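**Q** Just a sequence and a predicted model for now, questions to come.
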Amino acid sequence: MDSLARAHADALDVSDRWRVSAWLVSEKPDVLTPALLDQAKHSRPPPLQRRARRLLAALADDADAKYSVTFEDERYKRYLSIGWCRDDEELVFLLDRVMRQEFGWLAEVIEPRFLGSMEPLDSCVLSAKGLLELEAGHPADSKIGFCAMWFDEALTPFYRLVIEQGVRACGYEPLRLDDKEHNNNIDDEIIASIRGAKFVIAEMTGHRGGVYFEAGFAHGLGLPVIYMLREDDQDDIHFDVRQQNFILWSPDDLPDARKRLENRIRATLGQGPLDPALH
């Protein structure tokens, strides 16, 4: 952290510090500058399922041979940041209500030993379901922006100049399935690729059924989905997605489309970990 960034950090309001701490733990920047600090201050927590999954992975790393984790002071503070939790109450909600009761990833969450104590949680135990969830893998730390779109040659310049370059400028790796070599069934490969992505761009021009499916599948996984549509194709958009906040674009102004896509990616996910100059 340079001296200017440190001064900005010291001046942070208490209400912003949990968010900055969580962003730093999540993004792990090599150097913290005032610009990155400001980005962290205005970042938004990931979806609840992703926060829970990251916390599950951290708990598994710290668990003993019986899959039990004791919440020591420094470890507990780290869990707050990993789960993007504002305070102890939100961490208890994430561990007990979400991870234990809803997902079944934890066998038990043990309260403080003394009833009415203001101490944080004592410990937790991972369940078999939680361990199997970890084995299945998850895109919490993925660097991939998956693009679902019509593979029409007329849209290739748009993909290359707007989506591909825009995703890379934001520090992520773009993936469109026709750019990837594979030997699997195409449907299986699509599902596997979406599962392994950090976010999905659904370019709806042409209204292909596969693109609607891929966007819906990504929503079901809790992944952020960014919708795009050529502005002259709005009349035929399906009512199920009509309420989404589309980035409308014109073939006559692709630089504007790229700029708006970059702004949306950064507003939704923040700047990614990859160096745009290197890929």
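**A** That came through fine. Numbering: from 1, shown residues only.

**Q** Spell out, range by range, the strands that occur in the stretch 1-150 of the chain.
**A** 68-70, 106-110, 123-126, 144-148 (DSSP state E, counting those that start in this stretch).

**Q** most neighbours per residue, which of these?
**A** strand 144-148 (a mean of 25; mean count of other C-beta atoms under 10 Å). Any C-beta I mention is one placed from the backbone N, CA and C, and that applies to glycine too.

**Q** what's the helix or strand for residue 245?
**A** In the assignment (DSSP states H and E), residue 245 maps to no helix and no strand.

**Q** now it: how far from residue 56?
**A** 30 Å (C-beta to C-beta, to the nearest Å).

**Q** who has more neighbours, these two?
**A** residue 56 (24 against 7; other C-beta atoms under 10 Å).

**Q** list the contacts for residue 84?
**A** By C-beta atoms under 8 Å, 6 or more residues apart in numbering, the contact list for residue 84 reads 18-19, 22, 26, 45-46, 51.

**Q** mind putting those in CSV, pLDDT included?
**A** Supplementary listing: the contacts of residue 84 in CSV, determined by pLDDT from 0 to 100:
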residue, pLDDT
18, 86
19, 87
22, 88
26, 78
45, 85
46, 81
51, 89
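
**Q** Residue 86: which of those residues is nearest?
**A** residue 18 (5.0 Å; C-beta to C-beta).

**Q** With adjacent residues omitted, what lies nearest to that closest one?
**A** Distance criterion C-beta to C-beta, 6 or more residues apart in numbering; nearest residue to residue 18, sequence neighbours excluded, is residue 86 at 5.0 Å.

**Q** Torsion angles phi and psi at that neighbour?
**A** phi -70, psi -30 (degrees, to the nearest 10).

**Q** From residue 93, how far off is it?
**A** In terms of C-beta to C-beta, residue 86 sits 10 Å off from residue 93.

**Q** So, low pLDDT: which residues of the stretch 151-279 of the chain?
**A** 179-186, 278-279 (pLDDT under 70).

**Q** my bad, should have said the stretch 1-150 of the chain
**A** 1-14, 30, 111-121, 136-141.

**Q** give the contact list for residue 43.
**A** 19, 22-23, 270 are the contacts of residue 43 under C-beta under 8 Å, 6+ apart.

**Q** Can you give me the neighbour number for residue 273?
**A** 14.

**Q** swap in residue 242?
**A** When neighbours are counted by other C-beta under 10 Å, residue 242 comes out with 9.

**Q** Dump the strands of the stretch 1-150 of the chain to CSV, plus distance to residue 166.
**A** What follows is the strands of the stretch 1-150 of the chain, written out as CSV (distance: least, C-beta to C-beta, whole Å):
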stretch, distance to residue 166
strand 68-70, 40
strand 106-110, 39
strand 123-126, 39
strand 144-148, 9
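
**Q** Can you list the buried residues in the helix or strand encompassing residue 194?
**A** Residue 194 belongs to helix 186-195 when assigned by DSSP H and E. Within helix 186-195, the residues that count as buried by 16 or more other C-beta atoms under 10 Å are 190-191, 193-195.

**Q** next helix or strand past it?
**A** Taking DSSP H and E as the definition, the helix or strand right after helix 186-195 is strand 199-203.

**Q** From the contact counts, what lies against that following strand?
**A** strand 144-148, helix 209-220, strand 225-230, helix 254-269 (3 or more C-beta pairs under 8 Å, 6 or more residues apart in numbering; DSSP states H and E).

**Q** Report the contact partners of the nearest residue to residue 23 once chain neighbours are set aside.
**A** Nearest non-adjacent residue to residue 23, counting by C-beta to C-beta, 6+ apart: residue 40, 3.7 Å away. The contact partners of residue 40, by C-beta under 8 Å, 6+ apart, come to 19-20, 23-24, 27, 270.

**Q** pretty sure the residue nearest to residue 18 is touching residue 16, no?
**A** No - using C-beta atoms under 8 Å, residue 86 is not in contact with residue 16, being 10.6 Å away.

**Q** Could you pull up the contacting residues of the residue nearest to residue 49 when sequence neighbours are not counted?
**A** Distance criterion C-beta to C-beta, 6+ apart; nearest residue to residue 49, sequence neighbours excluded, is residue 222 at 3.9 Å. Going by C-beta under 8 Å, 6+ apart, residue 222 touches 47-50.
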